[in-house]
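Trainee: What follows is a predicted protein model with its sequence.
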Amino acid sequence: MSEEDPAALSKRLASLEARVRALEDQAAVLRLVCSWGPAVDSGDSEAASGLWDERGVLESDLSRLEGPAAVAAMVQSAGQQALIRQGCAHVQTAPIVDIVGDDAVVTTYSQVFLHGEEAHEVWRVSANRWECRKTPAGWRLTRRVNRVIDGSSAPRELLANALSGDASERRPGPPH
Amino acid sequence: MSEEDPAALSKRLASLEARVRALEDQAAVLRLVCSWGPAVDSGDSEAASGLWDERGVLESDLSRLEGPAAVAAMVQSAGQQALIRQGCAHVQTAPIVDIVGDDAVVTTYSQVFLHGEEAHEVWRVSANRWECRKTPAGWRLTRRVNRVIDGSSAPRELLANALSGDASERRPGPPH
Amino acid sequence: MSEEDPAALSKRLASLEARVRALEDQAAVLRLVCSWGPAVDSGDSEAASGLWDERGVLESDLSRLEGPAAVAAMVQSAGQQALIRQGCAHVQTAPIVDIVGDDAVVTTYSQVFLHGEEAHEVWRVSANRWECRKTPAGWRLTRRVNRVIDGSSAPRELLANALSGDASERRPGPPH
């Protein structure tokens, strides 16, 4: 079978289609993760909760939120509304993406900048593990673990986890 | 017509070519937007103005620049030269990219870091809407709206806009 | 030869395969560069040194490290361990990627955030040139030049270099 045999061409094409799908998935999960900041900083509780899977869990030292309704309530809370009135920016940087089938893990550093008199303050810098699932409606967040980088071991373990091979090897033992 | 029929193969290939072009466009507009910092921080007024379309407009609370020559003049201005001598870094983070045909919108958070005695200061954190157009010479900036995140509504509206579906739905009503 | 001729299809496919490989390479080198922070901030000296080619060189105002063993020693050093105990985040932002064959250059802004009492401090903001090589084992770092943005000319030259066309034109004269 030559390289120009229709069956061989079809096979090459199928392989390439899978690789393009992988690149598109990578772009889609990055967009998902980068949508969190604009949603919470604009106070758009519907958009923020819409990023989450029905069983999604957001876990940090500040709170543990279960499900989109809890996410929406957090955005509408007095605490988040006070940050918004002050001027806040929840920023994701330096993503490492691992995708296995319909599951993705994105590890990022996040910064929360707050508006001050003369300059902006860096309120929190954290390590983040974002778990995502491809649903019929698109990629959705299933879990986020946020650990402030404060010298404790939890954020270090989360970051080290991003380096240890592919996502499949890392399951089912996420960092705590 | 089977999957291995030459006409079917050609059709699959055309579909894949369009998807690859979309991924390449996404990489190209991100490069365009990420080139702004190196251009203004190195004082390269030619490179900075070269990122812009002839009718490009840069709009912020600091200034309103129309066209590449005005961008070049800003880079050469006493104010920007003073920032460069102090040491400045104009950084883009957390991009959300929407492309429809030859038009693209990239929403980012930008930070301007300034060098200080002991550490760097976060002078400004802003929400940004970058509009880009694909020209025969490549992607060029057609409009940038920069809104400092200071608790006012303008940056919030700009960020919320990035979440509301695809770029086509958002036109022609950009944030003000 | 029509568009649906098997030989023509094979040629279109080969062209597309090369473009997809270029996009995959771009994702791979970004992952490589974004792995540096998690490696040094978690104190994983094996992971940090594993990112480097045998002849890799890391050059900054703080040190000049030659080879993976020197990188591992730096991660284990008292200075880096003190930063880790305090809580440090080495973050890359706004990458510009140039790939020519098996060589890549990624220009970034890096920030080092340190944990403090009330907030995080921005200790260092730098311009970075990351040179990478595709080896049989994957992409590896061959050289990193880190220049603190402090008003001096070195970081400006490094940043300007990222704007001057493609990577091939820039060789063999890297910034110093």
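Mentor: Now that the structure is in, tell me what you want to look at.
Trainee: Tell me which residues of the host helix or strand of residue A:72 come out buried.
Mentor: Following DSSP states H and E, one finds residue A:72 within helix A:68-76. Residues A:68, A:70, A:71, A:72, A:74, A:75 are the ones in helix A:68-76 that count as buried (16 or more other C-beta atoms under 10 Å in any protein chain shown). (C-beta placed from N, C-alpha, C; glycine too.)
Trainee: what's that helix in contact with?
Mentor: A:39-40, A:43-46, A:48-52, A:54, A:56, A:58, A:63, A:65, A:80 (C-beta atoms under 8 Å, 6 or more residues apart in numbering or on different chains).
Trainee: one more time with 7 Å, if that's ok
Mentor: Helix A:68-76 has contacts (C-beta atoms under 7 Å, 6 or more residues apart in numbering or on different chains) with A:40, A:43, A:45-46, A:48-49, A:52, A:54, A:56, A:58, A:63, A:65, A:80.
Trainee: Can you name the next helix or strand after it?
Mentor: Per DSSP H and E, the first helix or strand lying C-terminal to helix A:68-76 is helix A:78-86.
Trainee: quick one: that following helix to helix A:68-76, angle?
Mentor: Orientation of helix A:78-86 against helix A:68-76 (axes from the mean of the first three to the mean of the last three C-alpha atoms, to 10 degrees) gives an angle of 50 degrees.
Trainee: residues near residue A:19, how many?
Mentor: By other C-beta atoms under 10 Å in any protein chain shown, 16 other residues sit near residue A:19.
Trainee: where exactly do the strands run in chain A?
Mentor: A:52-59, A:64-66, A:88-100, A:103-115, A:120-135, A:138-148 (DSSP state E).
Trainee: Comparing those, which comes out most buried?
Mentor: Among the strands of chain A, ranked by average contacts under mean count of other C-beta atoms under 10 Å in any protein chain shown, first place goes to strand A:103-115 (a mean of 24).
Trainee: Run through the residues that contact residue A:46.
Mentor: If you count contacts by C-beta under 7 Å, 6+ apart, residue A:46 has them with residue A:72.
Trainee: Repeat the analysis, applying 10 Å as the threshold.
Mentor: Under the criterion of C-beta atoms under 10 Å, 6 or more residues apart in numbering or on different chains, the neighbours of residue A:46 are A:39, A:68, A:72, A:75, B:163.
Trainee: rewinding a little: tell me the least confident of the contacts of helix A:68-76?
Mentor: Among the contacts of helix A:68-76, residue A:63 has the lowest pLDDT, at 90.
Trainee: hang on, the earlier thing: tabulate the buried residues of helix A:68-76 (JSON lines), appending pLDDT.
Mentor: Formatted as JSON lines, those follow (pLDDT from 0 to 100):
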{"residue": "A:68", "pLDDT": "98"}
{"residue": "A:70", "pLDDT": "98"}
{"residue": "A:71", "pLDDT": "98"}
{"residue": "A:72", "pLDDT": "98"}
{"residue": "A:74", "pLDDT": "98"}
{"residue": "A:75", "pLDDT": "98"}
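Trainee: Which one of those is nearest to residue B:16?
Mentor: Checking the buried residues of helix A:68-76 against residue B:16 by C-beta to C-beta gives residue A:68 as the nearest, at 34.6 Å.
Trainee: sorry, back to before: just put the contacts of helix A:68-76 in CSV and tack on distance to residue A:15.
Mentor: Output for those, formatted as CSV (distance: C-beta to C-beta, whole Å):
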residue, distance to residue A:15
A:40, 40
A:43, 45
A:45, 43
A:46, 40
A:48, 38
A:49, 38
A:52, 34
A:54, 34
A:56, 33
A:58, 37
A:63, 44
A:65, 41
A:80, 46
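Trainee: Do I have it right that residue A:57 meets residue A:143?
Mentor: Yes - under the criterion of C-beta atoms under 10 Å, residue A:57 makes contact with residue A:143 at 5.0 Å.
Trainee: which neighbours do the two share?
Mentor: residue A:131.
Trainee: Do any residues in the lengthiest helix in chain A lie close to chain B?
Mentor: For chain A, the longest helix by residue count, based on DSSP state H, is helix A:6-34. Yes - Helix A:6-34 is in contact with chain B by C-beta under 10 Å from any C-beta of the partner chain, via A:6-14, A:16-17, A:19-21, A:23-24, A:26-27, A:30-34.
Trainee: Can you spell out which helices and strands pack onto that helix?
Mentor: Applying 3 or more C-beta pairs under 10 Å, 6 or more residues apart in numbering or on different chains; DSSP states H and E, we find helix A:6-34 packed against strand A:88-100, strand A:103-115, strand A:120-135, strand A:138-148, helix B:6-34, strand B:88-100, strand B:103-115, helix C:6-34.
Trainee: Could you figure out how far the first one is turned away from strand C:103-115?
Mentor: For strand A:88-100 against strand C:103-115, the angle between stretch directions is 130 degrees (the same axes, to 10 degrees).
Trainee: low-scoring stretches of chain A, by residue?
Mentor: Residues of chain A that meet the criterion pLDDT under 70 lie in A:1, A:165-176.
Trainee: rewinding a little: would you mind giving the helices and strands packed on helix A:6-34 as CSV with distance to residue C:136 added?
Mentor: As requested, the helices and strands packed on helix A:6-34 are exported to CSV (distance: least, C-beta to C-beta, whole Å):
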stretch, distance to residue C:136
strand A:88-100, 22
strand A:103-115, 26
strand A:120-135, 31
strand A:138-148, 33
helix B:6-34, 26
strand B:88-100, 33
strand B:103-115, 36
helix C:6-34, 14
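Trainee: Minimum distance to residue C:86: which of the ones you listed has it?
Mentor: Nearest of these (C-beta to C-beta): strand A:120-135, 11.8 Å.
Trainee: Just checking the distance from the closest one to the centre of its chain.
Mentor: Relative to the centre of its chain, strand A:120-135 is centred 6 Å away, using C-alpha atoms, centre = their mean, to the nearest Å.
Trainee: anything in that strand sitting right up against chain C?
Mentor: Yes - Strand A:120-135 comes into contact with chain C (C-beta under 10 Å from any C-beta), by way of A:121, A:122, A:123, A:124, A:125, A:126, A:127.
Trainee: Distance-wise, check the third one relative to residue A:115.
Mentor: Yep, that's residue A:123 we're talking about. Computed as C-beta to C-beta, to the nearest Å, the residue A:123 to residue A:115 distance reads 10 Å.
Trainee: Residues in contact with both of the two, list them for me.
Mentor: Residues touching both residue A:123 and residue A:115 (C-beta under 10 Å, 6+ apart) are A:83, A:86, A:88, A:89.
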